[in-house]
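Undergrad: quick one, structure for this:
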Amino acid sequence: MTLEIHDGELIQIQSAQIVVSANPHSEVGWYSDIQIKAILPGCRKVRLLSSPTPFPRYLLLRPLFDHNGRADVLPEVFRAFLRSLPVVSHKLFPVKLTPEIIAAARAEEESVTTCPAVQPYVPEVR
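TA: Modelled structure (predicted):
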């Protein structure tokens, strides 16, 4: 599987999923996270990527435990990618996945693609 970044290069995805973990301190009793293992452009090793960081017009993907490599992904491309990912329960902190939890976990992870920080910067005119 590949994911196209905004300059036309490709991220080689090795594995990707949305993981739902039990969290008794949360209002809903669970927490979701994206787990992506991939090879970033210009890199050779498979890295676990951090959650995307929103910037104006794109999302920044970086390795979680390293400083080598980065990729700028358009929000609509990342949103389509997220919709193709399976939703699984965490092995150590399992959650019984219902259709409602699956839909809420997807919506939670997709929210980064529509947050105000991703919208193009428009200077305020006074």
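
Undergrad: which strand residues bridge residue 4?
TA: Residue 4 forms beta bridges with residue 10, as assigned by DSSP bridges.

Undergrad: my read is that it contacts residue 78, right?
TA: No: the pair residue 4 and residue 78 fails to qualify as a contact (C-beta atoms under 8 Å) at a distance of 10.1 Å. All C-beta atoms are positioned from the backbone trio N, CA, C, and that covers glycine.

Undergrad: which one of these two has more residues nearby?
TA: Just comparing residue 4 and residue 78: by other C-beta atoms under 10 Å the higher neighbour count belongs to residue 78, 22 against 14.

Undergrad: now do the contacts for that one.
TA: When contacts are counted by C-beta atoms under 8 Å, 6 or more residues apart in numbering, residue 78 is found next to 3, 52, 59, 112-113.

Undergrad: just the closest of those residues to residue 86, please.
TA: Proximity of the contacts of residue 78 to residue 86 (C-beta to C-beta) peaks at residue 3, which lies at 15.7 Å.

Undergrad: what sits against that closest one?
TA: Neighbour list for residue 3: 10-11, 13, 38, 71, 73, 77-78, 81 [criterion: C-beta under 8 Å, 6+ apart].

Undergrad: for PyMOL, write the select line for the buried members of these.
TA: Of the contacts of residue 3, the buried ones can be selected in PyMOL as follows, counting by 16 or more other C-beta atoms under 10 Å:
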select buried, resi 11+13+38+71+73+77+78+81
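
Undergrad: helices along the chain, start to end?
TA: With DSSP state H as the definition, the chain shows helices at residue ranges 75-83, 99-110.

Undergrad: could those helices go into CSV alongside distance to residue 126 and mean pLDDT?
TA: Output for these, formatted as CSV (distance: least, C-beta to C-beta, whole Å; pLDDT from 0 to 100):
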stretch, distance to residue 126, mean pLDDT
helix 75-83, 29, 90
helix 99-110, 34, 93
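
Undergrad: and these: which comes nearest residue 117?
TA: Distance to residue 117, taken as C-beta to C-beta, is lowest for helix 75-83 among the helices of the chain, at 10.2 Å.
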